[in-house]
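**Q** structure of the sequence below:
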Amino acid sequence: MSSLAWIDFDEAERQRAQRIMALFQERESRDELGLGAIRDSIADHLFPGTSTIQTRLRYMLFIPWLLSRLEGRDSTASQLNVEGRNLEIRLADALKAGGETKGVIGRDAGARLQRLPSSVYWAGLGAWGIRQFPGSRETYYAVLPAVRRRRQRSDVGVEGSEYIQSSNWHPGLPPAPVNLLETASFRLTGDEAQFIRDRLVASARTSLLTWLAGQLHNGQCTYIWQHPALGDFPAEARRLVQHAEIFSGVIHGAALLYNLQLAELRDREDWIEHYRDRLAQWAAELDEQRLASWSLGDFWREVSHPTHTIRPALIRFVQDWVALTKVGAASLPDSEAARALVRERERRLKTSQSRFANRTALDRWGGASGANQLSFRWGQAQSHLEDLLNAQ
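**A** I've put the predicted structure just below:
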């Protein structure tokens, strides 16, 4: 029991470290200016349980279906881990056999797969209440042998046995297809889609994702603020989307100016011209009147999230950038104050690895880094909503 207690004690730090490591592999996490806390706060309010490395929604069912097969087996934790990995790799083969070509995790890597679907979806499964086991995947495998032994002994009087014997997955989980590991599809059944909608309602009733999951259409758009039903969004979500739009728009200029300065340091005229053109377009499209009336005080209150800490240095950087932009966005590419603000922000974040101070780091820059406008995981949320709408 002492070993289990040690695992439980370290669980919060382990999951935090795993989440940070995972962010480095996410496309939208190329966060050169340290905006992640704001970005993720907004995304977790609007689309809880999603991440930028998720592909298709039915993985939210595939994972519990596969891992529940391991419960009750007479195996060690390491053996169960290997068996679980093999099941997930077999799932990729089954999806290919079923004709799926897009969104299959491990489609090309096969047995060499490094990032398993269970690691990609583990946090989301917990956020939606599908996974009721409170720990990490490693802890899950570690306690399964103890679960089996305790059930065999029916040792209900031992302290902690109630926790270990509790269900790891939601009791309403739909049954797995009989031939799941032979041929599989991303197409949800009607019952499966309803189960996911019910989980969203139970776990994130007020989120925009839950509201959108109950609609009969999925407004196709690049950014959530372009959604055709924006005017019908619940008031709280609509306010946050409007804040997200303004923030995404104004801070995009800082990302472009960062890349422009790197292009100048690399003495690449083609890249310099590219980023000057993009900055000119950014300034022309920025709604200066809307920005002038934007309340940063309201913004900080709206984006505050219990699992993310927005540090004072980031708040100051955003406020200083917004102030400079309000004076005149078109002049920022040549503003030494704006340039210095961006440089110093990156230097403080990266210290010796700053591209402004480390020539090797600068030479590794390939011409674009964190230059896309923030979308707050709308692409992944939109894909999941499409899967819900296409349920049979």
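**Q** residue ranges with poor pLDDT in the stretch 51-200 of the chain?
**A** The stretch 51-200 of the chain contains residues with pLDDT under 70 at 148-166.
**Q** that one: helices as residue ranges?
**A** For the stretch 51-200 of the chain, the helices defined by DSSP state H, counting those that start in this stretch occupy 59-67, 77-97, 117-127, 137-153, 161-165, 190-203.
**Q** mind listing residues that contact the last one?
**A** Taking contacts as CB atoms under 8 Å, 6 or more residues apart in numbering, the residues outside helix 190-203 that touch it are 48-49, 57-58, 60-61, 127-130, 170, 172-174, 188, 207, 209-210, 213-214, 388, 391-392. All C-beta atoms are positioned from the backbone trio N, CA, C, and that covers glycine.
**Q** list the contacts for S375?
**A** 28, 222-224, 248.
**Q** most neighbours among these, which one is it?
**A** Within these, I224 tops the neighbour count with 28 neighbours, counted by other CB atoms under 10 Å.
**Q** any idea how far that one lies from V322?
**A** I224 sits 21 Å away from V322, going by CB to CB, to the nearest Å.
**Q** same thing with H252?
**A** For H252, the distance to V322 - CB to CB - is 12 Å.
**Q** do the same with S331
**A** S331 is 15 Å from V322, by CB to CB.
**Q** who's more crowded, these two?
**A** V322 (18 against 12).
**Q** per-residue pLDDT, that one?
**A** Reported pLDDT at V322 in the predicted model: 98.
**Q** show me what contacts it?
**A** 250, 291, 294, 296.
**Q** buried residues in the helix or strand containing it?
**A** Using DSSP states H and E, V322 maps to helix 312-328. If you call a residue buried by 16 or more other CB atoms under 10 Å, then helix 312-328 has these buried ones: 314, 317-318, 321-322, 324-325.
**Q** what do you get for stretch 350-366?
**A** 350, 354-356, 365.
**Q** now it: average pLDDT?
**A** 96.
**Q** what's the span of that stretch, first residue to last?
**A** End-to-end distance for stretch 350-366, by CA to CA, to the nearest Å: 18 Å.
**Q** what separates the longest helix anywhere in the chain from the chain centre, distance-wise?
**A** Secondary structure assigned by DSSP state H gives helix 235-265 as the longest helix of the chain. Mean-position distance between helix 235-265 and its chain equals 18 Å (CA atoms, centre = their mean, to the nearest Å).
**Q** circling back: in strands, which of the buried residues of stretch 350-366 fall?
**A** Under the assignment DSSP state E, the buried residues of stretch 350-366 contribute nothing to strands.
**Q** a markdown table for those, including distance to E302?
**A** A markdown table is the format used below for the buried residues of stretch 350-366 (distance: CB to CB, whole Å):
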| residue | distance to E302 |
| --- | --- |
| K350 | 29 |
| S354 | 32 |
| R355 | 32 |
| F356 | 33 |
| W365 | 34 |
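**Q** and the residues you listed, which is closest to Q281?
**A** W365 (21.9 Å; CB to CB).
**Q** distance of that closest one from R301?
**A** The value you get for W365 to R301, if CB to CB is used, is 36 Å.
**Q** neighbouring contacts of stretch 362-374?
**A** With CB under 8 Å, 6+ apart, stretch 362-374 has contacts from 28, 30-33, 35, 39, 223, 244, 247-249, 251-252, 255-256, 258-259, 262-263, 265-266, 268, 271, 275, 278, 355-356.
**Q** against T360, how distant is W282?
**A** Distance from W282 to T360, by CB to CB: 30 Å.
**Q** residues in contact with T206?
**A** 234, 236-237.
**Q** can you pick the most crowded of those residues?
**A** A237 (20 neighbours).
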